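Visitor: Just the structure for this:
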Amino acid sequence: DNLLVFSGKEEEIKAEAVFAGHGWTDAETGHDDYANLDVKGKVVFVLPGIPGSRDPMVMFNAMPRKAKLALENGAVGVVELFRLNFPWRFFKSYFNKERMEVAQEADGSEGFFYAFIKEGKNSPVTQLEAGTSLPISIKNSGVESQRIYAPNVVGILEGSDEKLKNEYILVSAHYDHIGVGKEGGGAYTPQDSIFNGARDNGMGTVALLSAIKSLAQKPPKRSVIFLACTGEEMGMIGSAYYADHPLVPLEKTVFNLNNDGGGYNTVEQFSVIGYAHTNVAHELEKTAAAFDLGISKDPAKEMGLYERSDNISFAKKGIPAIDFAPGVTAMDAEIMKYYHQVTDNPESIDYDYLLKFCQAFAHAARLIADKNEALDWMPDSKYAK
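Guide: The predicted model follows:
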């Protein structure tokens, strides 16, 4: 119950366990957790993530390299300690099922044992951290994998201004949801086991299509890339892949307007996650006024919503980005009634609000794409360079 295996072939490992810090090396800083440490033929227990960061996404992104480093130093497996600030049962429920990740080029680490462990009372891990090595036995039933294709869908609209058309606005929304039955992670019945995701992110996908139709009829000054992202629910893998393999050089992409939400509890507003990060407040306020809507600015800050959708893939690349979402005042019972639940069905949507929401999104996209001033981060944004 306290071990979650991420990779490895069917085998029984009987070896010595040793502690290897974060299991990380960094040539720039000189950090090397494997210096003067013999791990050949051993299982290394490591701290989560990398030195100096507690960002869960950094932790997940570091896993392939941590596996490779351990393998290069002769280890037979890695066990990462679960010391994150959210419940183990949620972590295990989310990852202990079919999942999708971008295929990596073969580097010899295929089938290498990698797991997370939740430490219990009187855990022997404290002895490992103190420098003691201990015998360990792990029976792994193996992790099966197969290659599938889950495409991003991309379209490009040329801008109308001779100069500004060389700059691109990236308008995005993810079109995936969380699956069927037990893969959905929530309660379901034999009568209804499909997690349709009408709010998350059917509303965003419809808004993206609405923006495409509107802007195509009269192109704005800047060119627009429309991106329907795959795999957001699996960790923003579609947007991250595009950010690493763009169709248009990222230096020409000057803004990301993303659309993603977990639901709504007001039809009098739309939400903007990251409102204070960029210099498009004027355009957002004009949009709100045009449709007689208010703006919920960065609701539920304690949830870290800005880092939980596709906009973060582009913000990390230095591209000013915001998330345009349905109206949320708080993560209350009305939100949780539908969020990642089989009840999030099309018939539960307020279609008058959906129409206004889609129109507002398309209008905001046009105003941002037509903005004469350079699009940029606000100076006090943590993403500003």
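
Visitor: Quick check, pLDDT for Glu105.
Guide: Predicted confidence (pLDDT) for Glu105: 69.

Visitor: the helices in the stretch 1-150 of the chain, which residues?
Guide: 56-72, 88-95, 125-129 (DSSP state H, counting those that start in this stretch).

Visitor: between those, which has the poorest average model confidence?
Guide: Of all the helices of the stretch 1-150 of the chain, helix 88-95 carries the lowest average pLDDT, namely a mean of 80.

Visitor: Packing partners of that helix?
Guide: Secondary-structure packing of helix 88-95 (3 or more Cβ pairs under 8 Å, 6 or more residues apart in numbering; DSSP states H and E): strand 3-7. Placement of C-beta: from N, CA and C, glycine included.

Visitor: orientation of the strand it packs on relative to helix 88-95 in degrees?
Guide: In terms of direction (axes from the mean of the first three to the mean of the last three Cα atoms, to 10 degrees), strand 3-7 departs from helix 88-95 by 30 degrees.

Visitor: What residues of strand 3-7 count as buried?
Guide: Neighbour counts over strand 3-7 (16 or more other Cβ atoms under 10 Å) mark 4-7 as buried.

Visitor: Partner strands of it and their direction?
Guide: When sheet partners are counted by DSSP bridges, strand 3-7 sits next to strand 113-117 (antiparallel).

Visitor: which residues are contacting the strand it pairs with?
Guide: 2-9, 11, 13, 43, 45, 63, 66-67, 76-82, 91, 125, 138, 140 (Cβ atoms under 8 Å, 6 or more residues apart in numbering).

Visitor: who's in contact with the residue nearest to Gln341 when sequence neighbours are not counted?
Guide: Distance criterion Cβ to Cβ, 6 or more residues apart in numbering; nearest residue to Gln341, sequence neighbours excluded, is Gly186 at 5.1 Å. When contacts are counted by Cβ under 8 Å, 6+ apart, Gly186 touches 178, 195, 340-342.

Visitor: Let me know the closest of these to Glu101.
Guide: Ile178 (15.6 Å; Cβ to Cβ).

Visitor: show me what contacts that closest one?
Guide: 184-186, 195, 197, 233, 340.

Visitor: and of the helices of the stretch 1-150 of the chain, who's closest to Lys371?
Guide: Proximity to Lys371 (Cβ to Cβ) singles out helix 56-72 among the helices of the stretch 1-150 of the chain, at 29.8 Å.
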